[in-house]
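sequence unknown, structure follows:
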Ligand SMILES: Nc1ncnc2c1ncn2[C@@H]1O[C@H](COP(=O)(O)OP(=O)(O)O)[C@@H](O)[C@H]1O
Ligand SMILES: Nc1ncnc2c1ncn2[C@@H]1O[C@H](COP(=O)(O)OP(=O)(O)O)[C@@H](O)[C@H]1O
Ligand SMILES: Nc1ncnc2c1ncn2[C@@H]1O[C@H](COP(=O)(O)OP(=O)(O)O)[C@@H](O)[C@H]1O
């Protein structure tokens, strides 16, 4: 069982040597569809989730950012991203360039029990959604061209190396760092980089009291539902096979999402007197982000604790960032994804333990695993935070990150894309 | 072949003894994705289907009801719903509490050829959509808190036992009652409980001549399409494997949906002079609900008859409930799901027959099977109808089921959730 | 490997003899879900993509056309379409009537490694989307009843035979014509018939300067994203199994879509000063349509060239048809699907070559294959174009193809369907 | 001729239209507006960000009528629009110099 | 100064604007309204529930002009808005006491 | 009594409302309109088809006030609505023959 759960890492180490194992059509089928599900999370899931939350005059700009990121990251992944993340490890720090342009990957290459092409695609969908998550942080004010430049550099310099460290046969994975489906790799990086971007770019004009209210919550709920469904591919797909690990990952993912939703809803209900649909779906995203690193390691009990912690932790984090720190992380990327991932990474140490229904821990037990999780999270935060800051400054000196105040007030749709979302 | 088709029932009897059989990755892959498809039916499928049909000021309340039901039913399923439905049978009436909190289900438990976790999840998505279907009946007037209470009790006292009787190794299944994917368990229960709720709560103010027209039919059509796609997971997934039974279930499901759509459309065209898009998609839902109990038992011929009967039968039932009985089942849950399920349950007896291309009948033939189908339907109707009535009365005495007239006219979105669907 | 890739053709030849091979649950699982994905492309994918692009007063008419086509084509496919396309070949020109009403196909029939029912369903979803694609060409002016009649005849007389020629064991396939997932069969036929329909029916009143602008681009982007996700089922599903061929098809499909999107976006950016979201998603559709015939034959290098060619070729074709020829192909079906398919069919000859990373060519090499591809494309164009023209003229003499000018100005939703899309 | 402009609660429309029809009014023009007044709005709360919605949905009804009908019609509108709760709205009366019917070119009282 | 308010069929807008521009009108304000009159509405039918839609979409065009232009502009609007079919709409003329241009504070004829 | 109708840039609303409240205005009615004037619109481009959008979103604010407040309120609106850039909008003043409050039936100055 455990062997299966660690497949991603093993694949990382020997991605092109996998041909030794036979292809399994059932596993392949599940990974093909998981890939489709994770793409579905970004297009249209996340895009709609975000687009509904901005003002009417910026709705297309958000859709455009998510969509163009999907296209651009895909190409970068083919060119060199995959190789940097999953090529032969150079001392555990980065993949070499042996797989540039997917060199040598053919119809019959396999990785574990699936075609290598499918593994490349599955991982690509992660490389798409991670920068797309950041869109929420700088929505309604970032210039389109600087965004393309920033996210491209970000993928190469931040996402690819961290992926290598954790899943690609790199040093963090070797250390025993547990991040099943991307708590650190995906959510913590996106969340922290988003926060930095929000700080560097400054608040939207009108923040906090006078920004545009969400222009279409039905769109946001639709996107949220798609995220939920797609997340099964994200987490259960990270088992890289149709097996008991995938089944349990799906179950704990679902439990966490449900409980985090309800937790957020009830806190809101108690605190403000009314439960809101935006609240419940935000709780859901928090629950999903939080269970992500743990999803292959924990059982139902872990999922219950993680779900409740996600709902409560991310709720208060959102309030804190917005109301106390007054940072305009437009759509709350850091408090939901960043804080969620942190909670999940730490709780993974505890609920991986067999005594709580998890897959079991290496010797050293909970405490040792907890230390590794803390260490891995800090490394991710520091590398991602610092480099993101530098990148933003560099990009800003080439093309201003932010549109002018006048452009912001006209709305990015017409100003940057010469289109209107609705002609109703 | 037949053996495969009855797997759900067998699973019900020995859910945790299944480990004897080997896990099949192909079957597991199909059940993982079927689970995702059935969740997709509720979130966002059904939610959008319903939300588009209500007035603009209630759109979020409908989305909120569906979403919160999904979360709450999931947790209840984990806590005790699954155990009551699929635990060891207590004299065929109810599952015992051995599986409470999914006790004993681990990474390597299997049920038939799939992980038990996946079977739990698949069944959970049914437990989600069934109460969500009822939302259509009391839309635009039910109080959110009473709805949460009512649906929770309903799941435990009505859904779980009936599921046990039919699929969980209970007495109705033992009797030979055929309900492949939930005609009685899902659609008849939801439909009849919806009707009772509509009657107990009374009509919306303005009904029949002056309620709000559907505020966004594009949303309704979108949801309908998602229901169709998701229903493949519902019906073909109920084969609990990727086999010929699943293939035929998908085919007959599709035929029935197509024909019922066209039947409804042409009746409308003849009767009112114009075919409407709301008509054709309602026909589709009718066709899907009607084929559901039959989907693993009948062949193409059965599907053709069932599809046409669904379109015509549910069309006239809708007219009858609304125009003759003047019951305000807001979104026609009973005439579409309840009547559809009844038609399907009865026709299953006929078209299961090998001579009509079905899987074949036990000795006793069509007549004997028909009697069982009638009996099972009545039992379901009586248990569900009577208990739903009592539950509604009890809940109403704790928290009024209905919002005040003033709140109803302001719209539930602002009154109950302090949000607006659109700020266009 | 190559054998696997040609499975569709082999299946075509012996669709009911397949029982010799054992059913594979992994392949079956993938084909079940691929079928769902291709249906998802039409409902709601394509429907939303198109519906967002028309004026508000015609939005339901577009949804209705797509939906009713889906239902009607499904039934025609069951009645005789499947038999004409995949029945025993009559001299390579057409299938015989042995499979009318799916005669003889039962629970345990297999085609290759999957149940025959699943193959029937998978192919049915292609027979659905092909006529649905044409809706874009005559949107906002065609009469609903004439559309039903035209598309029904079109399926029988144009789609079924061409499918037989290419995939059903017919003469074009025998000749070595390569059309993996439907460049000629689907996109070239729909594109060219659409163009003919647009010419025969004449331009919308107001064209070119004064037609309605797209009423809801968020809907169009949503639909586009669904098309992308669903297209994995279309192309990778055409491998008829969960294998290396499917994996590579998914990869090249994705690369082409990404690059075509970016290409279109950058051309627009250079030419008009601003990149638009409608541009990027149109590029995506072009990239997907163009890679379709090639998707099982080429490797990443081919995909890169095909993607760029698709973006540039279809962009300029769109401008040419609209601005130079002034033909009102309302939603640009021909320049995107027709031209895309042509580009793809021709480039297939080159990039199938093993030296460019493809599956390899038969002896005769690139030049010989290229000639076959040109020949096959011309045959398809001529048959489809000429017959479509005749059919349109015949239908027009029975029921006028076009609504009156007055009806056009009132909008088809109210005039033909007595409904309004939005009551916001 | 006078133009009567009434700002009313949206859900009163059906009654008002019926009442006006009864006294012979054959035409009117309505539009959706938002009103600020003594009636309180509500707050919307999105993830802790408060938006106070001060403007409430109202309907503006415009009716052009002959001078002699002014009183009767004001009365009818007040009766049919009133709920007695704050926010029932206002009626404004302005003078019309001239009215034309576009279709026929008719002017004055005949054009109404 | 006068305020000309025209209720017209929406699809006439382009022609009307062009015609007004030709006679020197440099500004106008439009809004979407719904009209009730001699022109019949339609019925919408949703699963057997009938909704009669009596109010038809119209466009309201408001133009402030100098007194001396009134006749010419009325003429132009009537010509460009007319289709000859019922429902072509109305024109109302009201007196304007004063007009201000916000940007400059200009008053009266210069402000138009 | 007078009716002040101001056509302004939408994003000035909050300031204008606040300014009006300060000088004691307790009610107003707003609606979304589109304006054509000296301020240029923009072009939208959809797959090579150009749509020129000449009408820009504006907000119409209507306030009924007592005669003696006219000057003060015009001043306040001009101040709070002005950005100094083209397109700031207009203010129209018309005479009101009568005002009624529907809830109470009050007439004239008390009804405002
Ligand atoms: N001075 C005013 N000018 C223009 N419209 C007004 C004015 N006062 C009130 N209104 C309109 O009338 C509506 C109702 O006014 P409100 O003060 O809430 O209640 P009431 O009509 O019962 O006094 C407001 O929402 C607004 O649209
Ligand atoms: N008395 C009226 N007051 C205000 N608006 C009116 C009045 N009569 C008609 N209208 C407006 O003019 C439009 C056209 O009127 P209608 O009677 O249908 O046709 P016609 O203008 O050809 O007489 C109506 O839809 C309505 O908006
Ligand atoms: N003659 C007019 N009649 C009615 N509305 C007008 C007129 N002129 C301008 N407007 C309105 O005022 C707005 C601003 O006018 P514009 O000419 O763009 O700038 P400015 O107010 O700075 O002169 C226009 O968008 C339009 O809504």
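Happy to help now that I have it. Remember, predicted model here, so these are calculated numbers, not experimental data. Ligands and ions are numbered 1, 2, ... in the order given.

so what's the residue count around the closest residue to residue D:76 other than its chain neighbours?
Excluding its sequence neighbours, the residue lying closest to residue D:76 (Cβ to Cβ, 6 or more residues apart in numbering or on different chains) is residue D:19, at 5.0 Å. Where C-beta positions appear, they are placed from N, C-alpha and C, glycine not excepted. Neighbour count of residue D:19, defined by other Cβ atoms under 10 Å in any protein chain shown: 18.

check residue A:354 too.
For residue A:354, using other Cβ under 10 Å, the count is 11.

can you give me the pLDDT of it?
pLDDT for residue A:354: 96.

what's the answer for residue D:24, then?
So, for residue D:24, pLDDT stands at 93.

helix, strand, or coil at it?
Under the three-state scheme (DSSP: H, G, I helix; E, B strand; the rest coil), residue D:24 adopts coil.

quick one: it from residue E:38, how far?
Per Cβ to Cβ, to the nearest Å, residue D:24 is found 13 Å from residue E:38.

same thing with residue A:62?
Distance, residue A:62 to residue E:38, by Cβ to Cβ: 46 Å.

between these two, which has more neighbouring residues?
Applying other Cβ under 10 Å to residue A:62 and residue E:38 shows that residue A:62 carries more neighbours, namely 30 against 10.

what sits against the more buried one?
For residue A:62, the contacting residues are A:47, A:50-51, A:54, A:135, A:139-140, by Cβ atoms under 8 Å, 6 or more residues apart in numbering or on different chains.

ok, 10 Å please
Residue A:62 makes contact with A:46-54, A:135-136, A:139-140, A:330-331, A:412-413, A:421, C:218, C:221, C:277, according to Cβ atoms under 10 Å, 6 or more residues apart in numbering or on different chains.

just the buried residues out of these, in PyMOL syntax.
Selecting only the buried entries of these in PyMOL, with 16 or more other Cβ atoms under 10 Å in any protein chain shown as the criterion:
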select buried, (chain A and resi 46+47+48+49+50+51+52+53+54+135+136+139+140+330+331+412+413+421) or (chain C and resi 218+221+277)
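
who in the stretch 1-150 of chain A is up against chain D?
residue A:53 (Cβ under 10 Å from any Cβ of the partner chain).

closest residue of the stretch 1-150 of chain A to chain E?
residue A:56 (16.3 Å; Cβ to the nearest Cβ).

burial of the closest residue in space to that residue that isn't next to it in sequence, as a residue count?
Nearest residue to residue A:56, sequence neighbours excluded (Cβ to Cβ, 6+ apart): residue A:215, at 4.1 Å. Using other Cβ under 10 Å, residue A:215 has 23 other residues around it.

ok, residue A:215 to residue A:137 distance?
18 Å.

what confidence value was assigned to residue A:32?
pLDDT, residue A:32: 98.

now do the longest helix seen in chain D, average pLDDT.
Identified as the longest helix of chain D according to DSSP state H is helix D:70-81. Mean per-residue pLDDT for helix D:70-81: 96.

for the helix or strand following it, packing partners?
Heading C-terminal from helix D:70-81, the first helix or strand you meet, by DSSP states H and E, is strand D:90-95. Applying 3 or more Cβ pairs under 10 Å, 6 or more residues apart in numbering or on different chains; DSSP states H and E, we find strand D:90-95 packed against strand D:2-8, strand D:56-65, helix D:70-81, strand E:90-95, strand F:56-65, strand F:90-95, strand F:98-101.

and residue B:149, which of the ones you listed is closest to it?
Closest approach to residue B:149 among these (Cβ to Cβ): strand D:56-65, 32.1 Å.

and the closest one, is it in reach of chain C?
No. Strand D:56-65 is not in contact with chain C by Cβ under 10 Å from any Cβ; minimum separation 11.9 Å.

on that earlier part again, mind listing what's buried in the helix or strand hosting the residue nearest to residue D:76?
Element membership of residue D:19 [criterion: DSSP H and E] is helix D:13-22. Applying a neighbour-count criterion of 16+ other Cβ under 10 Å, the buried positions in helix D:13-22 are D:13, D:16-17, D:19-20.

which residues touch that helix?
Here helix D:13-22 has contacts from B:206, B:209-210, D:4, D:6, D:8-9, D:12, D:25-28, D:30, D:59, D:61, D:63, D:65, D:73, D:75-82, E:36, E:54-55, using Cβ under 10 Å, 6+ apart.

how far off centre is it?
11 Å (Cα atoms, centre = their mean, to the nearest Å).

for residue 97, give me phi and psi.
I'll assume chain A. Dihedral pair for residue A:97: phi -100, psi 20, per degrees, to the nearest 10.

the intended chain is chain D.
Note on residue D:97: backbone dihedrals following degrees, to the nearest 10 are phi -70, psi -40.

and it, what does it touch?
Residue D:97 neighbours (Cβ under 10 Å, 6+ apart): D:1, E:2-4, E:70, E:92-95.

8 Å - rerun?
Contacts of residue D:97 (Cβ under 8 Å, 6+ apart): E:2, E:93-95.

does chain B have contacts with stretch A:224-243?
Yes. Interface with chain B: stretch A:224-243 contributes A:225-226, A:228-229, A:232-233, A:236, A:241-243 (Cβ under 8 Å from any Cβ of the partner chain).

sorry, slip of the keys, the one I care about is stretch D:80-87.
No. For stretch D:80-87, no contact with chain B is found by Cβ under 8 Å from any Cβ; the gap never falls below 9.3 Å.

what residues does chain D put near chain F?
D:2, D:6-8, D:31-38, D:54-55, D:58, D:60, D:74, D:77-78, D:81-95.

how many other residues sit next to the nearest residue to residue A:283 once chain neighbours are set aside?
Using Cβ to Cβ, 6+ apart and skipping residues adjacent in sequence, the residue nearest residue A:283 is residue A:264, 2.7 Å away. Number of residues near residue A:264 (other Cβ under 10 Å) recorded here: 30.

and after the helix or strand residue A:264 falls within, which helix or strand comes next?
Here residue A:264, judged by DSSP H and E, is contained in helix A:244-272. For helix A:244-272, the following helix or strand on the C-terminal side (DSSP H and E) is helix A:277-291.

what helices or strands is the next helix or strand after that next one leaning on?
On the C-terminal side of helix A:277-291, the nearest following helix or strand under DSSP H and E is helix A:300-319. In this structure, helix A:300-319 makes packing contacts with helix A:244-272, helix A:277-291, helix A:339-351, judged by 3 or more Cβ pairs under 8 Å, 6 or more residues apart in numbering or on different chains; DSSP states H and E.

gap between whichever residue of the stretch 201-350 of chain A sits closest to ligand 1 and ligand 2?
Closest residue of the stretch 201-350 of chain A to ligand 1, Cβ to the nearest ligand atom: residue A:213 (20.0 Å). Separation of residue A:213 from ligand 2 (Cβ to the nearest ligand atom, to the nearest Å) stands at 32 Å.

how about residue A:198?
Counting by Cβ to the nearest ligand atom - residue A:198 and ligand 2 are separated by 49 Å.

tell me, how many residues neighbour residue A:305?
Residue A:305: 17 neighbours (other Cβ under 10 Å).

and the pLDDT at residue D:88?
96.

quick check: mean pLDDT of stretch A:47-59?
Mean predicted confidence for stretch A:47-59 is 97.

next one: it to chain centre, how far?
Going by Cα atoms, centre = their mean, where stretch A:47-59 is centred and where its chain is centred differ by 19 Å.

beta partners of the closest residue to ligand 3 within chain D?
Closest to ligand 3 within chain D is residue D:31: 15.6 Å, counting by Cβ to the nearest ligand atom. When assigned by DSSP bridges, residue D:31 has beta-bridge partners residue D:60.

for it, give its distance to residue E:35.
From residue D:31 to residue E:35 the distance is 10 Å (Cβ to Cβ).

compare those two (neighbour count), which wins?
Shown here are residue D:31 and residue E:35; by other Cβ under 10 Å, residue E:35 has more neighbours (25 against 20).

got a list of what the nearest residue to that one once chain neighbours are set aside touches?
Of all residues beyond its chain neighbours, the one nearest residue E:35 is residue E:58 (4.1 Å), with distances taken as Cβ to Cβ, 6+ apart. By Cβ under 8 Å, 6+ apart, residue E:58 lies in contact with D:29, E:7-10, E:32-35, E:89.
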